[in-house]
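Asks: my questions are about this predicted structure, shown below with the sequence.
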Amino acid sequence: MSPLDLVVAVPLGFVVAALMLGRAARGLILLAAPLMAGLALWLALLPPDAAFLVGQWDLPLGILLRADGVARLMILATALVIGAVGLHALAEPPEKPGHAAQAETFWPLVYLLWAGANAGFLTTDLFNLYVTLEMVSLAAVALAAMGSLAAALRYFMIALLGSLAYLLGVALIVARYNTVDVTLLAQVAEPDLATLLALGLMTAGLLIKAALFPMHGWLPPAHAAAPAPASALLSAIAVKLGFVILVRLWFEGFADVTGPASLQVMGGLGAGAVLYGSVQAMRQQRLKALVAYSTVAQVGYLFLAFPLVAGAIDPGDAWAGMTLQAVAHMLAKAAMFLAAGLMLKAAAGDRIADLGGLAQAMPLTVTAFGLAAVSLMGLPPSGGFTAKFLLLTAAIEQGAFLYAGVLILGGLLAAVYLFRALSACFAPATTPRAPVTGGFRTAEPLALAGLAIVMGFAGTALVELSAIAAPWDAPAAAPAVTLPEAAP
Amino acid sequence: MDLPLPEILSAGHLYALTGAVLVGLGLYAFITLRHPLRQLLAVNVVGAGIFLILGSLGRGPEATDPLPQALVITGIVVAVALTAFGAAIIVRLAETRAAAKPADDDNARPEP
């Protein structure tokens, strides 16, 4: 056994267990959280060329699981986020009043999302990525349906169209190259019509999944309406899978195919997302809608980094900035949604104006919201600061001052909309507030936000971790495939 | 216009071209139709087109390449599961909406 297949197989086991246990399934997270965190840590400490061929089928038929730096960081962050969100949901069951059965359906979906996301981060097989994409979409739509069925249906339709566009691209790749493995495609891909068409289709489908502006329309209603733990998982994890697959395509499989112009289009869309998402977040009256639009803006940074990584002479810093932005956003946004959920339970209504008095009533939760905000704004010391600083340095080195300007402006706009929500908490309360506390429910958002801050102090270690087996490190060398030990 | 029809047919391009037409038809329906059930069917037409394209690729002059066929089978399984899931959401949404305004629906659809 190797942690590469265990991080996928174990959550799938928990899906089955959760379905069989029904109401008692909630306790499983007490076992799953430490187990998965341990596996993710084991994975992070593996030798750099760690890889695993599923069922010992050789490429190009087999499916390669490979732990590069991006996969290691994303799987570790996923384990921390789902672990914390799950423990939170144990104390604060995600259900609407009068829908007690909802809490039961939550748990299998969490583990399905976990398995799908981990498999997607590890695999290099384009068709297997399609399957993981659908696993994650299925779990994500069902989680969104816990809040608003109408928003979930809209999300489902858009996501389905995105998957099919991706699948059509994969079909063209199969026809052209007779393989769907990214590491093999990297050696044979040529910039001809079929390849460009396929890459365009796959990219369009994945951009819908990653909710990059202007394909973000489905995200704010779905993420804002879901129960807080579900929103946290949707914003932190579900949108990241599309991003990771795009990184695999653009910087690994088709690195020689993508031209500078197409990279600038991605960067431009990312910059547009940062500005549009921030302005929309400023205009929102409801707290969770504000946090959801902040996700639209933060996803923009990930794609703004694309031309910076490709244009750098030494792409290490920009690459690390891009990866750390994804991780920092996962931790901070999950913390912020959990904190917002607790704050809204205590507040008079779901509008930002209703938050008055909460700073006195539940100081720890408001602190968690504030710490998460620090990372999202990119204030030092925090993971968000490290990521944005690395990207800003790369932009200035390359003379890409437009992107540098957007990076700085995006931070300022984030400060405007997040301080607006925070300052509302300090306003005097019109009626006395009954704080929602007790148990561990305030601890998880605080721990996640704290981790987002601590990331700022572990910068060097994280940059080194993100560079493991990075495509720009040894572009010509194929990954060494270590065959699994024979089963006893 | 004289299309080299025999060559297109013998090379097996007819399946891929039919698939492309299905994708186009499904996409057109998805964009123009508003009812979610019709949209779900439209997406299925797109999916059928893609599977036809994918399946036709494995068709060689002598032997059939199993890789695209295996991908098609997996894809169909995923598509069936997602269609069932989408239909379930649509039904649940319709039930919720009917329950939300019973006064309007009482005459049109008596409760069992």
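Replies: The structure has been received and is ready for your questions.

Asks: C-alpha only now, for contacts and for neighbours.
Replies: Noted.

Asks: and residue 27, how many neighbours?
Replies: Unless you meant another one, I'm taking chain A. Neighbour count of A:Gly27, defined by other C-alpha atoms under 10 Å in any protein chain shown: 15.

Asks: please refer instead to chain B.
Replies: Around B:Leu27 there are 18 other residues, counting by other C-alpha under 10 Å.

Asks: wait, what's in contact with the residue nearest the centre of chain B?
Replies: Centroid-nearest residue in chain B, with C-alpha atoms, centre = their mean: B:Asn44, separated by 1.4 Å. Residues counted as contacts of B:Asn44 (C-alpha atoms under 8 Å, 6 or more residues apart in numbering or on different chains) are B:26, B:79, B:83.

Asks: okay, buried residues for the strand or helix carrying it please.
Replies: Using DSSP states H and E, B:Asn44 falls within helix B:36-57. Judged by neighbour count (16 or more other C-alpha atoms under 10 Å in any protein chain shown), helix B:36-57 contains these buried residues: B:36, B:39-57.

Asks: cool, and stretch A:344-363?
Replies: Going by 16+ other C-alpha under 10 Å, stretch A:344-363 has these buried residues: A:344, A:346-348, A:350-363.

Asks: ok, whatever residue of chain B ends up closest to chain A to A:Ala175 distance?
Replies: Nearest residue of chain B to chain A: B:Leu54, at 5.4 Å (C-alpha to the nearest C-alpha). The gap separating B:Leu54 from A:Ala175 is 8 Å, by C-alpha to C-alpha, to the nearest Å.

Asks: list the contacts of stretch A:20-32.
Replies: Residues outside stretch A:20-32 that contact it (C-alpha under 8 Å, 6+ apart): A:11, A:14, A:17-19, A:83, A:86-87, A:90, A:104, A:107.

Asks: repeat for stretch A:7-14
Replies: With C-alpha under 8 Å, 6+ apart as the test, stretch A:7-14 has contacts from A:28, A:32, A:36, A:39-40, A:108, A:111-112, A:114-116, A:118-119.

Asks: any idea which helix or strand comes after the longest helix along chain A?
Replies: For chain A, the helix with the greatest residue count under DSSP state H is helix A:316-346. Reading on from helix A:316-346 to the C-terminus, the next helix or strand found by DSSP H and E is helix A:358-361.

Asks: now do that following helix: which elements does it pack against?
Replies: helix A:401-426 (3 or more C-alpha pairs under 8 Å, 6 or more residues apart in numbering or on different chains; DSSP states H and E).

Asks: about what we covered before: with distance to chain A as added columns, please give the contacts of B:Asn44 in CSV.
Replies: Formatted as CSV, the contacts of B:Asn44 follow (distance: C-alpha to the nearest C-alpha, whole Å):
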residue, distance to chain A
B:Gly26, 10
B:Ala79, 9
B:Thr83, 10
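
Asks: which of those residues tops the neighbour count?
Replies: Most crowded among these, counting by other C-alpha under 10 Å, is B:Gly26 at 23 neighbours.

Asks: on that earlier part again, tell me which of the contacts of stretch A:20-32 fall in helices.
Replies: A:11, A:14, A:17-19, A:83, A:86-87, A:90, A:104, A:107.

Asks: which one in these is the model shakiest on?
Replies: pLDDT is lowest at A:Glu104 among these; the value there is 80.

Asks: for that one, give its distance to A:Arg26.
Replies: Counting by C-alpha to C-alpha, the gap between A:Glu104 and A:Arg26 amounts to 8 Å.

Asks: same thing with A:Ala334?
Replies: Distance, A:Ala334 to A:Arg26, using C-alpha to C-alpha: 19 Å.

Asks: in terms of neighbours, single out the busier of those two.
Replies: A:Ala334 (31 against 21).

Asks: what sits closest to the more buried one if chain neighbours are left out?
Replies: The shortest distance from A:Ala334 to any non-neighbouring residue, by C-alpha to C-alpha, 6 or more residues apart in numbering or on different chains, is to A:Ala232 (4.3 Å).

Asks: also A:Ala387?
Replies: A:Gly321 (4.1 Å).

Asks: mind listing the helices for the stretch 201-350 of chain A?
Replies: Applying DSSP state H, counting those that start in this stretch to the stretch 201-350 of chain A gives helices spanning A:219-225, A:228-233, A:239-248, A:260-283, A:287-311, A:316-346.

Asks: report the angle between the third one and helix A:287-311.
Replies: It stands for helix A:239-248. Angle, helix A:239-248 to helix A:287-311, by axes from the mean of the first three to the mean of the last three C-alpha atoms, to 10 degrees: 10 degrees.

Asks: buried residues in helix A:239-248?
Replies: So, applying 16+ other C-alpha under 10 Å, buried residues of helix A:239-248: A:239-248.

Asks: now do that helix: distance to the chain's middle.
Replies: Offset of helix A:239-248 from its chain centre (C-alpha atoms, centre = their mean, to the nearest Å): 9 Å.

Asks: any low-confidence regions in the chain?
Replies: No chain in the question, so chain A it is. For chain A, applying pLDDT under 70 flags the ranges A:1, A:95-101, A:431-439, A:474-488.

Asks: that answer is for a different chain, and I need it for chain B
Replies: Scanning chain B for pLDDT under 70 picks out B:1-5, B:7-12, B:58, B:60-61, B:102-112.

Asks: residues from chain B in reach of chain A?
Replies: Within chain B, the positions near chain A by C-alpha under 8 Å from any C-alpha of the partner chain are B:39-40, B:43, B:46-47, B:50, B:53-54, B:57, B:67-68, B:71, B:78, B:82, B:86, B:89-90, B:92-93.

Asks: quick one: A:Cys455 from A:Leu376, how far?
Replies: Not quite, residue A:455 is Met, not Cys. 13 Å.

Asks: please identify the buried residues of the helix ranked longest in chain B?
Replies: What stands out as the longest helix in chain B, according to DSSP H, is helix B:66-100. By 16+ other C-alpha under 10 Å, the buried positions in helix B:66-100 come out as B:67-69, B:71-72, B:75, B:79, B:82-83, B:85-87, B:89-90, B:93.
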